[in-house]
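In: Structure of the sequence below:
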Amino acid sequence: MTLYSRQSSNIRRTWLLIGLFLVLVIGIGYVFAQAYGDSRILYFAVGFSIFSSFFSYWFSDKIVLTMSQAKEVSHENAKELYHLVENLCIAAGLPMPKIYVIADSAPNAFATGRNPQHAVIVFTTGILEKLEKVELEGVVAHELSHIGNRDILLSTIVTVLVGVVVLLADWFRHWSFWGGNRKSSDSENSQIQLIFTIVAIAFSLLAPLFAYLMQLAISRKREYLADTSAALLTRYPEGLARALEKLTADTEPLEAANRATAHLYIVSPFKGGKMKEMFSTHPPLEKRIKALRDLKI
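Out: Next up, the predicted model:
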């Protein structure tokens, strides 16, 4: 598979998963509303998701930077890093992002921001110290690819959708405990409502799991796409492959990371065995490295 066909394939699959996610959310909202005979459940969920999307769009980057304890660096105190990022931005046709650094010896990096004009790339001190220039260039190209591909905004949308699914499931469990808002009418309507109630119970138990697994799949596709785009930008896939090899070998956990921000990093900040890999937001590094070295540029 060539670089360009792999990139197109990943884009198509990502949007397919987004479409399935939307169907899941709408279906759950409809079933819950029918189970309780109250359409306000769906209306309120839609309204809440719109508010959450607006808040996430404007303030998610600031929240993430605060949570990660990242500090902005200027051209004066990080000239070499600044010029490396600047040169790749020129090649990618992207505006220069702000650069932040986390004082942590675990090697990692991520990008955030609502669009290329308000983008930020964050590096740990560990990754700046442990990678060679050509390897760090691959990492920067990977993060710029996330910015150029609008991955950060896509991630925000997926996060909101997962939140809506979990919210609807929580509503059902609470309403079931208090008896809900069931209306007793004729026998036929009562039977239909009972069917919807049973289906809603199943959704309340399984929907959060399905939503989380779908989130993992979308996040993993984004990483493959960013790797591919980075190779296209640098014209040297081996640089990023070597960087990922070093990150694989490093066993130090990133103290500044948490479950809310883990999916943003170039590699999972949590170290673990095969079982943890299965439920990680990142694909196995061995597969990412192999995919990079199999590319034909």
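
In: So what's the gap between the helix or strand hosting residue 54 and the chain middle?
Out: Assigned by DSSP states H and E, residue 54 falls within helix 40-67. Mean-position distance between helix 40-67 and its chain equals 15 Å (CA atoms, centre = their mean, to the nearest Å).

In: Now it: average pLDDT?
Out: Mean pLDDT, computed over helix 40-67, is 76.

In: Neighbouring strands - and their directions - for the next helix-or-strand element following it?
Out: Sequence order places strand 71-73 as the next helix or strand after helix 40-67, per DSSP H and E. Strand pairing for strand 71-73, using DSSP bridges, gives strand 98-102 (antiparallel).

In: which residues sit against the strand it pairs with?
Out: Applying CB atoms under 8 Å, 6 or more residues apart in numbering, the contact partners of strand 98-102 are 65, 68-73, 78, 81-82, 85, 119-125, 128, 254, 256. Every residue, glycine included, has its C-beta placed from N, CA and C.

In: pLDDT averaged over the following helix or strand past that strand, what's the number?
Out: The first helix or strand that comes after strand 98-102 along the chain, using DSSP H and E, is strand 109-112. Mean pLDDT, taken over the full extent of strand 109-112, equals 93.

In: same check, this time on stretch 150-157
Out: Over the span of stretch 150-157, the pLDDT mean works out to 70.

In: The helix holding residue 54 to strand 98-102, inter-axis angle?
Out: Per axes from the mean of the first three to the mean of the last three CA atoms, to 10 degrees, the angle that helix 40-67 makes with strand 98-102 is 80 degrees.

In: Would you mind pulling up the elements that helix 40-67 packs against?
Out: Using 3 or more CB pairs under 8 Å, 6 or more residues apart in numbering; DSSP states H and E, the elements in contact with helix 40-67 are helix 3-36, strand 109-112, strand 120-124, helix 151-178.

In: So what touches the second one?
Out: Yep, that's strand 109-112 we're talking about. Applying CB under 8 Å, 6+ apart, the contact partners of strand 109-112 are 60-61, 64-65, 97, 119-124, 127, 139-140, 143-144, 146-147, 151-152, 261, 264-266.

In: Tell me which helix or strand comes right after the least confident helix or strand in the chain by mean pLDDT.
Out: For the chain, scoring each helix and strand by mean pLDDT, DSSP states H and E identifies helix 274-278 as the least confident one, at a mean of 52. Next in sequence after helix 274-278, counting helices and strands by DSSP H and E, comes helix 285-294.

In: in that following helix, what counts as buried?
Out: Neighbour counts over helix 285-294 (16 or more other CB atoms under 10 Å) mark 285, 288, 289, 291, 292 as buried.
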